[in-house]
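Engineer: structure for this input, please:
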Amino acid sequence: MKKILVIKHGSLGDLILSLSSMYSIRNKYNESSIHLITEEKYYSFLKKTNFFEKIINDNRKNFFLMTIFILLKLLREKYDIVIDLQNSQRSTFYNFVFRFFGKSLVCSSRPFAQLRYKIPLQGKENAEKGLANQLNLLKINSLKIDNYNWLKVEIDKEFDSPFVLFIPGVSKGNDYKQWQPENFSKLIEFFESKNYKVCVVGTKNDLPAISLIINKNKNIINKIDSSPPEVIYSISLKAKLIISNDTGPGHIASLSKNNIIWILNEDKISKANIKSSGNDHKISANNIKDISPNEVCEYINLNNLLNT
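Structural biologist: Numbers count the residues shown, from 1 in each chain. From the prediction side, this is the model:
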């Protein structure tokens, strides 16, 4: 039986975009023992996929000696194949270790891989397509996940009434992707006029940026810092509409297949990863600050997004 290691530390949005690749690996090597190395904060979420026999916590902020300790332990596993879905400077070091000290076959887009996928220029290929092309080097067919029932959990009865979901935060260092909180706040009156409540989800890191929304609107369903991936997905299933920045929780919400409006900068990465198709709707500008609440309201009305 083969032993396989998958490397994927994060971030949350990138993890969501790699789920199909993980599923494809599981399908290809169904009789193998597959391990995953990732950050501790994603452990419980990824455990629910049942794609892996073992998940190893490896926080990216680890002290260098801790990383060496983890790698030494993993070398004892004698992996036949190492699949690097992270494709970062950090995983380049891992590739070196597993190739030359573990004698593993390494598949990556980074140096030291025997099977190396050459990534096109930034923005020429979306993340999911790039990973699918990389896995093709191992003759792994790219598969789509039929459903995400393993993510579904029970949520409060307050979500039985019609509501719209806001995801107004962004990950640290990505402030340029954030539509101003006051713009989200201005949308609430529009939805209340149509008898919709508003729910806000995100992490505690988002709280300073969106306190304006919460403080100015007392009827909000506030799930900030109480919305792990499972809760975000389950709330999204019931939402009439989702409005989100380009951020990890938004990618979780998009798994629900409900209508989602992405508020975006017109940059290469966002253009590649988010398309206007099906239930994905995109409102973008060269500068996200130039997108007005009125523009969003007009788009909703024009496309009957509250009547579908």
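
Engineer: not counting its neighbours along the chain, what's nearest Tyr42?
Structural biologist: Nearest non-adjacent residue to Tyr42, counting by C-beta to C-beta, 6 or more residues apart in numbering: Leu15, 6.1 Å away. Just so you know, the C-beta spots here come from the backbone N, C-alpha and C atoms, and that holds for glycine as well.

Engineer: so how far is the host helix or strand of the one you found off the chain centroid?
Structural biologist: For Leu15, the element it lies in under DSSP states H and E is helix 12-28. On the basis of C-alpha atoms, centre = their mean, to the nearest Å, helix 12-28 sits 11 Å off its chain's mean C-alpha point.

Engineer: the next helix or strand after that helix to helix 12-28, inter-axis angle?
Structural biologist: Later in the chain than helix 12-28, the nearest helix or strand by DSSP H and E is strand 33-38. Per axes from the mean of the first three to the mean of the last three C-alpha atoms, to 10 degrees, the angle that strand 33-38 makes with helix 12-28 is 170 degrees.

Engineer: other residues contacting strand 33-38?
Structural biologist: 1-10, 15, 22, 25-26, 46, 51-58, 70, 74, 77, 79, 94 (C-beta atoms under 8 Å, 6 or more residues apart in numbering).

Engineer: mind checking which of these land in helices?
Structural biologist: Under the assignment DSSP state H, the contacts of strand 33-38 contribute Leu15, Met22, Ile25, Arg26, Leu46, Ile70, Leu74, Tyr94 to helices.

Engineer: picking up where we left off before, what about the helix holding Leu15, average pLDDT?
Structural biologist: For helix 12-28, mean pLDDT is 96.

Engineer: kindly report the same for stretch 115-134.
Structural biologist: 85.

Engineer: centre of the chain versus that stretch, how much separation?
Structural biologist: 17 Å.

Engineer: which ones are touching Asn141?
Structural biologist: Ser24, Asn27, Lys28 are the contacts of Asn141 under C-beta under 8 Å, 6+ apart.

Engineer: how about it, phi and psi?
Structural biologist: phi -70, psi 140 (degrees, to the nearest 10).

Engineer: wait, which of the ones in helices among the contacts of strand 33-38 is closest to Asn126?
Structural biologist: Distance to Asn126 across those (C-beta to C-beta) is lowest for Leu15, with 15.1 Å.

Engineer: thought that closest one was touching Lys8?
Structural biologist: Yes. Counting by C-beta atoms under 8 Å, Leu15 does reach Lys8; the two are 6.3 Å apart.

Engineer: did I read that right, Arg103 in a strand?
Structural biologist: Careful, residue 103 is Lys; it's not Arg. No. Counting by DSSP: H, G, I helix; E, B strand; the rest coil, Lys103 falls outside a strand, being coil.

Engineer: kindly indicate which of the contacts of Asn141 lies nearest Asn287.
Structural biologist: So of those, ranked by how close each gets to Asn287 (C-beta to C-beta), first place is Ser24, at 37.3 Å.

Engineer: give the contact list for that closest one.
Structural biologist: Contacts of Ser24 (C-beta under 8 Å, 6+ apart): Ala132, Leu135, Ile140, Asn141, Ser142, Leu143.

Engineer: what about the first one, how many residues nearby?
Structural biologist: The number of residues packed around Ala132, counting by other C-beta atoms under 10 Å, is 19.

Engineer: contact partners for Leu135?
Structural biologist: Per C-beta under 8 Å, 6+ apart, neighbours of Leu135: Ser21, Ser24, Ile25, Ile83, Cys107, Ser142.

Engineer: mind doing that once more with 10 Å?
Structural biologist: Ser20, Ser21, Ser24, Ile25, Lys28, Ile83, Leu85, Cys107, Leu115, Tyr117, Asn141, Ser142 (C-beta atoms under 10 Å, 6 or more residues apart in numbering).

Engineer: against Gln86, how distant is the residue nearest to Tyr42?
Structural biologist: Separation of Leu15 from Gln86 (C-beta to C-beta, to the nearest Å) stands at 10 Å.
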